[in-house]
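S.K.: Any chance you could fold what I've pasted below:
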Amino acid sequence: MAAQPSAMASIATGFARAITRATSATQSTVVKGHRLVDVVPPDVVSDVFSHALKKQTGVSLKYMQDFGANPIERQLTLSAQFLHKELPVRLAHRVAELENLPYGLSARSSILKVRDWYVESFKELRQFQPIKSTADELKFTDLLRSIYRRHANVVPVMAKGVAELRRELVRQQSSLVEMPEIHQFLDGFYLSRIGIRILIGQHIALHEPPKSNHIGLICTRCSPVQVAQDAINDARAICLREYGASPEVTVYGDPGFTFP
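M.R.: Numbering: from 1, shown residues only. Down below sits the predicted model:
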């Protein structure tokens, strides 16, 4: 999964700064005792940051669709081998970012919990043997299911940490609006999380019974009108609950149009 070029450039700039801070022995935004080097063996820390300096490999939905159209054993093994190498890189990028957030956000217990989830998943992937057979691939898929479940609550736990910071800033008469680094980090972090979840989820889904009009997770006949309508229904329900009224919304376009 890849962002637009301008967004990628912005994310890359921020990430480069995070790596610089992470590799500095004299500066850290995490309180001593909570830094990665304080809770993880040095060899693991070194492995994490060496992977964090590697470039992520972009994967398009078109490629995933074509690759998963005929999920034979050979295809699944190749997919597992790719994920075995790629996922540690992506997870390491997230760890480096979480370790070096501004305004003390990295020291929040919720953020530390998320960081440690990513470190644990990184360690499990790095410790897994090279995938050479169908049996290896099946074991690796079980590991991916475990990792997928572990990270299911990342969004609400991250939100808790940010909410704590927001309340503190309000007391200090400050605002997250004045802190673009936090917004930039969250945009990039959640975008990257979506990419990781889709890569893992797609591989897992190819092991499950096929669904009509689907290749793994990818719906081959997605209706943008229906997607919009679902979002409208959710938003209107929230408005009704909070304010007692909600606006009517009209969707224009061909209701029969679909695409993968």
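S.K.: Pretty sure residue 90 sits against residue 58.
M.R.: No - contact criterion CB atoms under 8 Å: residue 90 and residue 58 do not qualify, at 11.0 Å. Quick note: C-beta positions are derived from backbone N, CA and C, even for glycine.
S.K.: Which one's more surrounded, the two?
M.R.: residue 90 (22 against 11; other CB atoms under 10 Å).
S.K.: residue boundaries of the strands in this protein?
M.R.: Assigned by DSSP state E, the chain shows strands spanning 214-215, 218-219.
S.K.: so what's the most centrally placed residue in the chain up against?
M.R.: Geometric centre of the chain, nearest residue: residue 193, 1.0 Å, by CA atoms, centre = their mean. Neighbouring residues of residue 193 by CB atoms under 8 Å, 6 or more residues apart in numbering: 94, 151, 154-155.
S.K.: Looking at those residues, spot the one nearest residue 198.
M.R.: For the contacts of residue 193, the closest approach to residue 198 (CB to CB) belongs to residue 151, at 12.6 Å.
S.K.: Now the closest residue to residue 86 other than its chain neighbours: phi and psi?
M.R.: Nearest residue to residue 86, sequence neighbours excluded (CB to CB, 6 or more residues apart in numbering): residue 57, at 5.5 Å. Per-residue torsions, residue 57: phi -100, psi 120 (degrees, to the nearest 10).
S.K.: unless I'm mixing things up, residue 57 is touching residue 88, no?
M.R.: No - in this structure residue 57 lies outside contact range of residue 88 using CB under 8 Å: 11.9 Å.
S.K.: how about the nearest residue to residue 109, chain neighbours excluded?
M.R.: Nearest to residue 109 is residue 161, by CB to CB, 6+ apart, at 7.6 Å.
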